[in-house]
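Student: give the three-dimensional model of this entry:
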Amino acid sequence: MRDMALFSVKGFVMTPRSHQIAALGFLFLAYVSPVLAGGNPEAEKQKSNTVSQLYQMTYGSLGGCSAAGESHAQLAQTIADWRKAQPELFALMEASPYWADAKKNYTPPADASKSKENCDAAENMIQQFMAGGPEAVTDILETLKK
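Tutor: Residues are numbered from 1 along each chain as shown. Below is the predicted model:
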């Protein structure tokens, strides 16, 4: 058995079989550690997607339509108004551990000729959220608070 050992430490011999068992144990711990820590992998994925979509609708769209002139200015004002109306939403979104990745991974639309259309579409979406009042973002807030 000694010649099958991968390594030994003070009499403990690590065989290929015990090495496999240890590797499976580490994989299991890596999978369940978010659950043990109170996290839920599905909930974390949902938070990540939510933060990414909020970034895309707000600051990502704003950056992607900077050439749209007046539409850009209107979107910037709409985002500022929404921020005032929903400070908790913006605080949770920007404090999220997924915020940096959302910013880093966002790619604005390649077709600059549709900059005004994209800007106007983002503004309309935000205005619909604003028109719905606080209830319009209840589900989003619950997702971000999980």
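
Student: now the helices for the chain?
Tutor: 16-36, 41-55, 61-64, 70-85, 87-95, 99-105, 115-131, 138-145 (DSSP state H).

Student: pick out the shakiest of those helices, pLDDT-wise.
Tutor: For those, the weakest mean pLDDT is recorded on helix 16-36, namely a mean of 49.

Student: measure the spatially most central residue of the chain to Glu142 for me?
Tutor: For the chain, the residue nearest the mean C-alpha position is Ser48 (2.4 Å; C-alpha atoms, centre = their mean). If you measure Ser48 against Glu142 using C-beta to C-beta, to the nearest Å, the figure is 15 Å. The way it works is simple: take the backbone N, C-alpha and C, and place the C-beta from them, glycine included.

Student: now do Asn124
Tutor: Counting by C-beta to C-beta, the gap from Asn124 to Glu142 is 24 Å.

Student: got the contact list for stretch 88-106?
Tutor: 47-48, 51-52, 54-56, 59-60, 82-83, 137, 140-141, 144-145 (C-beta atoms under 8 Å, 6 or more residues apart in numbering).

Student: quick one, which of those residues are buried?
Tutor: 47-48, 51-52, 54-56, 59-60, 82, 137, 140, 144 (16 or more other C-beta atoms under 10 Å).

Student: and those, which two are the farthest apart?
Tutor: Pairwise distances across those peak at 21.3 Å for Ser48 and Trp82 (criterion: C-beta to C-beta).

Student: quick one, what contacts Cys119?
Tutor: Contacts of Cys119 (C-beta under 8 Å, 6+ apart): Ser61, Leu62, Gly64, Cys65, Ala68, Ser71, His72, Gln74, Leu75.

Student: OK, contacts around the last one?
Tutor: For Leu75, the contact set (C-beta under 8 Å, 6+ apart) comprises Ser61, Leu62, Cys65, Ala68, Cys119, Asp120, Ala122, Glu123, Ile126.

Student: and the residues you listed as TSV, adding distance to Pro41?
Tutor: Output for the contacts of Leu75, formatted as TSV (distance: C-beta to C-beta, whole Å):
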residue	distance to Pro41
Ser61	29
Leu62	31
Cys65	35
Ala68	39
Cys119	35
Asp120	37
Ala122	30
Glu123	34
Ile126	30
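
Student: show me which pair in these is furthest apart.
Tutor: Ala68 and Ile126 (15.1 Å).
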